[in-house]
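1. Need a 3D model of the following:
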Amino acid sequence: RKAVLLLAMLSVIVGMFTACSNKKSDDGRTTFTVGFDAEFPPYGYKDDSGEYVGFDLDLAQEVCERNGWNLVKQPIDWDSKDMELESGNIDCIWNGFTMNGREDQYTWTDPYMDNSQVIVVKKDSGINTLADLAGKVVEVQKESAAETALNDEEHADLTASFAQLLSVGEYNTAFMDLESGAVDAVAIDIGVAQFQIEGKEDQYQILDETISSEQYAVGFFLGNTALRDEVQSTLLEMVEDSTFAEISNQYFGYDVCTLGK
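-> Here you go, the predicted model:
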């Protein structure tokens, strides 16, 4: 009888742990695959040890741990992000992903941070305002929010004043072009700009005037509200217990969160 009682107690304990580890996983999900641009620090990139790291990946890792999922970090060609999502190769796009202008193309979480599009130039370039970009060569990442902003009607006059507006595959190339003098300026997200010029503030500057402001959110396949709701609910828990702020401080030095505020 003691043995039967002990087995019963062990069964209850195992059941409790199983329930905890499968929190919010009634759909049987065991993995969560995040599609991201591996050349977009600080949101997603490869560190010196060859590991994929970043602000958004750390948020995703915490979401997975709380839901009993295994995080799969899936670097993607940014131009192919929609195909990756539609085919089911990834569960979401989470990588400094701008929702503005794309509201009807994906099922989104609420935005979790604000972001501005800015211009980075060399300190000795003589460029101090957006007007100073007239006759200059400006570079952006292809399919980026900066490219979208500079090509919209609101900025038509500004863009028309450039000698050229060039696009490249990723921002590391853009900054190499800026360093070599191949281009005069880079239009870029402010978070990425700050990361890129950290420790080089004596060489580069971010113009005070911004091009535009936007919001970042997690994008899911249109109609996938169930998974979106699970992720958003977990993010809100992380905001409430300050885990979101802790992760943010590691990358930005302050709490960037706008979710639930």
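
2. Which residue ranges of the stretch 1-150 of the chain form helices?
-> 2-21, 55-67, 81-86, 145-150 (DSSP state H, counting those that start in this stretch).

3. The longest one - what's its average pLDDT?
-> To tie it back to what came earlier, the one meant is helix 2-21. On average, the pLDDT along helix 2-21 is 43.

4. Show the backbone phi and psi for Ser87.
-> phi -80, psi -10 (degrees, to the nearest 10).

5. can you check Ile188 too?
-> phi -160, psi 160.

6. Repeat that for Asp124.
-> phi -100, psi 20.

7. Kindly provide the distance from it to Val168.
-> Going from Asp124 to Val168 by C-beta to C-beta, to the nearest Å gives 23 Å. C-beta: built from backbone N, CA, C; applies to glycine.

8. Compare the two (neighbour count), which wins?
-> Val168 (18 against 9; other C-beta atoms under 10 Å).

9. contacting residues for the residue found closest to the more buried one once you drop the neighbours it is linked to in the chain?
-> The shortest distance from Val168 to any non-neighbouring residue, by C-beta to C-beta, 6 or more residues apart in numbering, is to Ala174 (5.3 Å). The contact partners of Ala174, by C-beta atoms under 8 Å, 6 or more residues apart in numbering, come to Glu139, Val140, Gln141, Val168, Val183, Val186, Ile188.

10. quick one: the residue nearest to Phe32 when sequence neighbours are not counted and Ser248, what's the gap?
-> Spatially, and ignoring its direct neighbours in sequence, Phe32 is nearest to Trp69 (4.3 Å; C-beta to C-beta, 6+ apart). Distance, Trp69 to Ser248, using C-beta to C-beta: 22 Å.

11. before we move on, what about Pro111?
-> From Pro111 over to Ser248 (counting by C-beta to C-beta), the distance is 14 Å.

12. Output the longest strand belonging to the chain as PDB - backbone C-alpha positions only.
-> The longest strand of the chain (DSSP state E) is strand 113-122. Extracted as PDB, the C-alpha positions of strand 113-122 are listed here (Å, rounded to 0.1, in the frame of the first residue of the first chain):
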ATOM      1  CA  MET A 113       9.100  49.700 -29.300                       C
ATOM      2  CA  ASP A 114       9.200  53.000 -31.200                       C
ATOM      3  CA  ASN A 115      12.000  53.600 -33.700                       C
ATOM      4  CA  SER A 116      13.100  56.500 -35.800                       C
ATOM      5  CA  GLN A 117      14.800  56.600 -39.200                       C
ATOM      6  CA  VAL A 118      18.000  58.700 -39.100                       C
ATOM      7  CA  ILE A 119      21.000  59.700 -41.100                       C
ATOM      8  CA  VAL A 120      24.500  58.800 -40.200                       C
ATOM      9  CA  VAL A 121      27.500  60.700 -41.700                       C
ATOM     10  CA  LYS A 122      31.100  61.200 -41.000                       C
END
